[in-house]
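Student: Sequence below, structure please.
(one chain, ligands or ions: 2)
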Amino acid sequence: MAVIVENGKNTKFYTVQTTLAKGNVKLMTTNENSSLLEITDLATSVTERPDVKILKGINLTIKPGEVHALMGPNGSGKSTLASTIAGSPTYTVDRGNVSYKGEDITHMAADQRARNGIFLSFQYPTAIPGVTLVNLIREAIKARTGEDVSAREFIAQLRETLDRLKMSEDFARRYVNDGFSGGEKKRAEILQLGMLRPELAILDETDSGLDIDALRTVAEGIKTLRDPNMGILLITHYERILNYIEPDFVHILVGGNIVASGDFDLAKRIEGEGYDPLLRELNISEEALI
Ligand SMILES: Nc1ncnc2c1ncn2[C@@H]1O[C@H](COP(=O)(O)OP(=O)(O)OP(=O)(O)O)[C@@H](O)[C@H]1O
Ligand SMILES: [Mg+2]
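Tutor: Ligands and ions are numbered 1, 2, ... in the order given. Predicted structure coming up:
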């Protein structure tokens with residue numbers, strides 16, 4: 001059994017021992033060993049090109065409330081991992097499995113995963129001309145909950161979220177990503193995150209292309225959206241966003257394998273010296289990068 005202690009800044013899990021700490025303590029229905037996402041020995045290839053093997057045996061466990069940063073050189077498989085967790089048919093699982101909230105979802109369809117609370121913010125969001133962001137979000141909430149919230153309730157929630165994320169209502173009424181700048185596309189993803197409140201949020205390079213002020217707004221937005229039941233997998237190339245959303249774990253993906261895991265210091269090290277010294281230290285050759 002575990003408790004969640006919220007001190008306003010951070011949320012941590014503690015094992016209940018003899019006495020409960022005083023303060024804002026909520027009892028959990030799950031025990032501390034229960035993970036939100038558990039990936040075991042996951043290997044994938046491209047469905048239309050079975051010879052192209054990308055992930056080569058990933059193990060990763062994310063518990064509710066945790067933030068895991070995923071870093072790695074270009075082409076190492078980060079987006080492939082994100083898409084595979086979200087159930088993209090572009091990739092085929094050759095080995096291993098993905099379990100979510102205790103259920104094996106390795107072969108579950110993407111829309112079912114989304115309904116179950118898995119959210120993927122795309123590295124390259126696509127445009128949907130003719131569909132406004134507001135409509136997309138409303139339909140997504142309907143699909144997720146199976147209920148149509150009243151227009152009044154929806155608008156109230158939308159305004160509150162826009163306010164929190166420092167976005168305008170005009171922005172939300174534009175067609176999805178149609179003519180959006182790179183930074184606007186990332187903001188649109190975060191608005192969806194804020195409205196859908198998933199249990200597992202996978203954010204693929206949400207910080208890329210944002211100017212300094214937008215990065216702060218988006219990062220602080222994500223931070224305010226954090227909740228003790230939500231796990232976050234944050235894919236990034238830069239330490240910068242992690243200064244706002246401090247990760248509990250940092251993983252380095254190279255050539256389809258997680259070659260190192262650590263805490264925030266690992267991200268700082270990569271930012272400072274790049275990947276080469278770490279790879280040399282781990283005896284990972286150039287060929288392994290492909
Ligand atoms: N549909 C596909 N067809 C062929 N090759 C693919 C496909 N999807 C991914 N790959 C290849 O798999 C490798 C991993 O790609 P992925 O997009 O997962 O990398 P990444 O770590 O997200 O890189 P980046 O940091 O540049 O975003 C790359 O070499 C890529 O070209
Ligand atoms: Mg990528």
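Student: quick one: Val149 and Glu139 touch, right?
Tutor: No: counting by Cβ atoms under 8 Å, Val149 does not reach Glu139; the two are 11.5 Å apart. C-beta: built from backbone N, CA, C; applies to glycine.
Student: Could you spell out the sheet neighbours of the top strand by length along the chain, each with its direction?
Tutor: Using DSSP state E, we find that the single longest strand of the chain is strand 49-62. Paired neighbours of strand 49-62 in the sheet (DSSP bridges): strand 37-46 (antiparallel).
Student: List the neighbours of the strand it pairs with that are in contact with it.
Tutor: 51-62, 80-81, 84-85, 90-100, 200, 231, 233, 256 (Cβ atoms under 8 Å, 6 or more residues apart in numbering).
Student: Go again with 7 Å.
Tutor: 52-62, 80, 84, 90-100, 200, 231 (Cβ atoms under 7 Å, 6 or more residues apart in numbering).
Student: list the contacts for Arg138?
Tutor: By Cβ under 7 Å, 6+ apart, the residues touching Arg138 are Phe154.
Student: What's the per-residue pLDDT of the residue nearest the centre of the chain here?
Tutor: In the chain, the residue lying closest to the centroid (Cα atoms, centre = their mean) is Ile202, at 1.8 Å. Looking at Ile202, its pLDDT stands at 97.
Student: and the closest residue to Val52 other than its chain neighbours, how many neighbours does it have?
Tutor: Spatial nearest neighbour of Val52, excluding adjacent residues (Cβ to Cβ, 6 or more residues apart in numbering): Val46 at 4.2 Å. By the criterion of other Cβ atoms under 10 Å, Val46 has 14 neighbours.
Student: For Val46, report the pLDDT, please.
Tutor: 98.
Student: swap in Glu286?
Tutor: Per-residue pLDDT puts Glu286 at 64.
Student: repeat for Glu169
Tutor: In this model, Glu169 carries a pLDDT of 95.
Student: Excluding chain neighbours, what is closest to it?
Tutor: Once flanking residues are discounted, Glu169 sits nearest to Leu162: 6.0 Å by Cβ to Cβ, 6+ apart.
Student: any idea how far that neighbour is from Asp41?
Tutor: 42 Å (Cβ to Cβ, to the nearest Å).
Student: between those two, who's got more neighbours?
Tutor: Leu162 (18 against 12).
Student: Go ahead and confirm the more buried one touches Arg173.
Tutor: No: contact criterion Cβ atoms under 7 Å: Leu162 and Arg173 do not qualify, at 10.6 Å.
Student: phi, psi of the nearest residue to Arg159 once chain neighbours are set aside?
Tutor: With sequence-adjacent residues excluded and distances taken as Cβ to Cβ, 6+ apart, Arg159 is closest to Glu169, at 6.9 Å. Per-residue torsions, Glu169: phi -70, psi -30 (degrees, to the nearest 10).
Student: again with His107
Tutor: Per degrees, to the nearest 10, the backbone of His107 is at phi -110, psi 20.
Student: Report pLDDT for it.
Tutor: 95.
Student: The helix or strand hosting Asn243 packs against which elements?
Tutor: Secondary structure from DSSP states H and E places Asn243 in helix 240-244. Counting contacts by 3 or more Cβ pairs under 7 Å, 6 or more residues apart in numbering; DSSP states H and E, helix 240-244 is packed against helix 212-225.
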